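Student: sequence and predicted structure, then a few things I'm wondering about:
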Amino acid sequence: MITIAVDCMGGDHGPKVTLPACRQFLEQHSDASLVLVGLPQALVEFSHPRAQIVLASEVVTMDDPLEIALRRKKDSSMRVAIQQVKEGSAQAAVSAGNTAALMAISRYILKTIDGIERPAIAGQIPNATGGATTVLDLGANVDCSAEHLLQFAVMGSALVSVLTDKESPTVGLLNIGEEIIKGNETIKKAGELLRSAAKAGDLNFYGNVEGNDIFKGSVDLVVCDGFVGNVALKTSEGLAAMIGNFLKAEFSRNIFTKMAAIAAYSVLNALKNRVDHRRYNGAALLGLRGLVFKSHGSADVMGFGFALNRAYDAARNNLLDRVQVRIAHAAPLLVATESVQ
């Protein structure tokens with residue numbers, strides 16, 4: 001039985017979205033149970049034989065400063081949900097709440113895996129192959145060293161192996177060109193470390209990739225700092241919104257545009273569904289001694305359901321163990337790079 005702790009109060013919509021998504025999830029997975037964490041009045045009417053209610057007295061809002069979220073709201077639904085993972089009551093936690101707070105609280109309670117300095121956020125962006133490219137970091141670390149990018153690559157490889165069943169996924173380093181001489185000093189050094197890791201058998205390093213390679217699906221995993229990764233994520237979400245708005249606009253014009261839109265509807269709708277960011281919702285916070293997944297704050301029931309499924313798949317396929325094994329295997333290289341600093 002896979003048990004997931006859910007912060008039912010997090011996100012823009014809170015229980016209005018999380019509770020219906022939880023009920024649908026339980027109906028779809030007979031081998032799963034949920035620990036629902038939230039305010040008493042929000043959870044009083046929810047009942048399911050595979051759902052346990054754990055009450056919290058506080059909520060981390062989307063604009064709470066870290067000091068308040070981490071130090072003052074010690075009985076928040078977010079913190080209590082993560083505590084369930086720490087205590088072994090759940091194998092993973094899911095929240096749509098404040099990203100910075102979720103990362104800080106998760107790191108404080110669960111701690112990081114040996115050999116990892118900074119946890120990173122890893123998510124999927126749809127690509128032209130019909131699948132998705134995993135990208136990290138998506139916003140947790142704006143300034144990254146070359147050593148951090150190496151750690152991200154090792155952790156991300158473990159995640160992709162769970163998502164795709166590929167034992168040795170291809171890894172690309174995001175750069176302004178494919179040539180190894182391009183990029184700033186951090187990127188050049190990261191490239192050297194990744195090539196060394198590939199020679200040691202720790203990674204399947206493809207080489208430098210450019211922004212369009214994310215959407216082309218040139219590699220399974222793209223590594224970058226959190227600033228660039230977050231921009232790429234928002235770009236893909238904007239693309240899905242643009243296609244959806246285009247469809248609505250064409251159907252609302254004159255009879256000729258309506259006829260043209262109807263003729264192309266099946267193709268455009270298929271494209272819209274393929275790039276729908278809700279289908280790829282649920283970003284993993286990698287590098288922690290426990291599984292935590294971040295749902296988009298504005299996710300609807302469908303989107304939050306996909307985040308729950310991501311956490312379920314990660315727990316069922318022992319993602320945490322796989323990350324730890326890969327980190328342990330790469331430890332000699334990681335230790336060597338730390339000693340150089």
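Tutor: Looks like it came in fine. Small disclaimer: the values here were computed from a predicted structure and weren't measured.
Student: phi first, then psi, for residue 90.
Tutor: phi -140, psi 150 (degrees, to the nearest 10).
Student: residue contacts, it?
Tutor: Taking C-beta atoms under 8 Å, 6 or more residues apart in numbering as the criterion, residue 90 is in contact with 3, 4, 5, 35, 81, 84. Where you see a C-beta, it was placed from the backbone N, CA and C, and this is true even at glycine.
Student: let's see 6 Å
Tutor: When contacts are counted by C-beta atoms under 6 Å, 6 or more residues apart in numbering, residue 90 touches 3, 4, 5, 35, 84.
Student: could you list the buried residues of the helix or strand containing the third one?
Tutor: Counting by DSSP states H and E, the element that carries residue 5 is strand 2-7. Buried positions in strand 2-7, judged by neighbour count with 16 or more other C-beta atoms under 10 Å: 2, 3, 4, 5, 6, 7.
Student: can you pull out the low-pLDDT segments for the stretch 201-341 of the chain?
Tutor: Low-confidence segments of the stretch 201-341 of the chain (pLDDT under 70): 239-241, 243-276, 335-341.
Student: which stretches in it count as helices?
Tutor: Taking DSSP state H, counting those that start in this stretch, the helices of the stretch 201-341 of the chain run over residues 211-216, 226-251, 255-274, 301-316, 319-329, 331-340.
Student: hmm, who's touching the fifth one?
Tutor: By that I understand helix 319-329. Outside of helix 319-329, the residues within contact range by C-beta under 6 Å, 6+ apart are 113, 115, 154, 155, 158, 162, 202, 291.
Student: just give me the neighbour total for the fifth one.
Tutor: Read that as residue 158. Residues lying near residue 158 (other C-beta atoms under 10 Å) number 23.
Student: dead centre of this structure: give me the residue that sits there.
Tutor: By C-alpha atoms, centre = their mean, the chain has its centre lying nearest to residue 283, at 1.1 Å.
Student: residues in contact with residue 288?
Tutor: 106, 110, 119.
Student: by neighbours, which of these wins?
Tutor: Neighbour counts for the contacts of residue 288 (other C-beta under 10 Å) peak at residue 106, which has 28 neighbours.
Student: now it: which helix or strand?
Tutor: Going by DSSP H and E, residue 106 is in helix 99-110.
Student: and the angle from that helix to strand 2-7?
Tutor: Here helix 99-110 points in a direction 130 degrees away from that of strand 2-7 (axes from the mean of the first three to the mean of the last three C-alpha atoms, to 10 degrees).
Student: quick check: buried residues in helix 99-110?
Tutor: In helix 99-110, counting by 16+ other C-beta under 10 Å, buried: 99, 100, 101, 102, 103, 104, 105, 106, 107, 109, 110.
Student: repeat that for stretch 286-299.
Tutor: 286, 287, 288, 289, 290, 291, 292, 293, 294, 295, 296, 299.
Student: among those residues, which pair sits farthest apart?
Tutor: By the measure C-beta to C-beta, 289 and 299 form the most distant pair in the buried residues of stretch 286-299, at 26.0 Å.
Student: how about the nearest residue to residue 198, chain neighbours excluded?
Tutor: residue 205 (3.9 Å; C-beta to C-beta, 6 or more residues apart in numbering).
Student: for the one you found, give me its contacts.
Tutor: 171, 194, 198.
Student: can I get those in TSV with pLDDT, neighbour count and distance to residue 134?
Tutor: Formatted as TSV, those follow (pLDDT from 0 to 100; neighbours: other C-beta atoms under 10 Å; distance: C-beta to C-beta, whole Å):
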residue	pLDDT	neighbour count	distance to residue 134
171	97	26	10
194	95	25	16
198	94	16	18
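Student: can you show me the helices along the stretch 1-150 of the chain?
Tutor: Using DSSP H, counting those that start in this stretch, helices in the stretch 1-150 of the chain cover 15-28, 40-43, 66-67, 77-86, 99-110, 146-164.
Student: quick one, which of those helices gets closest to residue 58.
Tutor: Nearest of the helices of the stretch 1-150 of the chain (C-beta to C-beta): helix 77-86, 7.3 Å.
Student: average pLDDT for the closest one?
Tutor: Average pLDDT, helix 77-86: 98.
Student: re earlier: and the residue nearest to residue 198, how far from residue 149?
Tutor: According to C-beta to C-beta, to the nearest Å, residue 205 stands 11 Å off from residue 149.
Student: kindly report the same for residue 210.
Tutor: 16 Å.
Student: higher neighbour count, those two?
Tutor: Legend: neighbour count by other C-beta under 10 Å for residue 210 and residue 149, higher for residue 149 (25 against 16).
Student: how close does residue 80 sit to residue 33?
Tutor: 17 Å.
Student: typo on my end, residue 232
Tutor: In terms of C-beta to C-beta, residue 232 sits 35 Å off from residue 33.
Student: the two: which has the busier surroundings?
Tutor: Using other C-beta under 10 Å, the more surrounded residue of residue 232 and residue 33 is residue 232, with 20 against 17.
Student: contacting residues around the more buried one?
Tutor: Contacts of residue 232 by C-beta under 6 Å, 6+ apart are residue 214.
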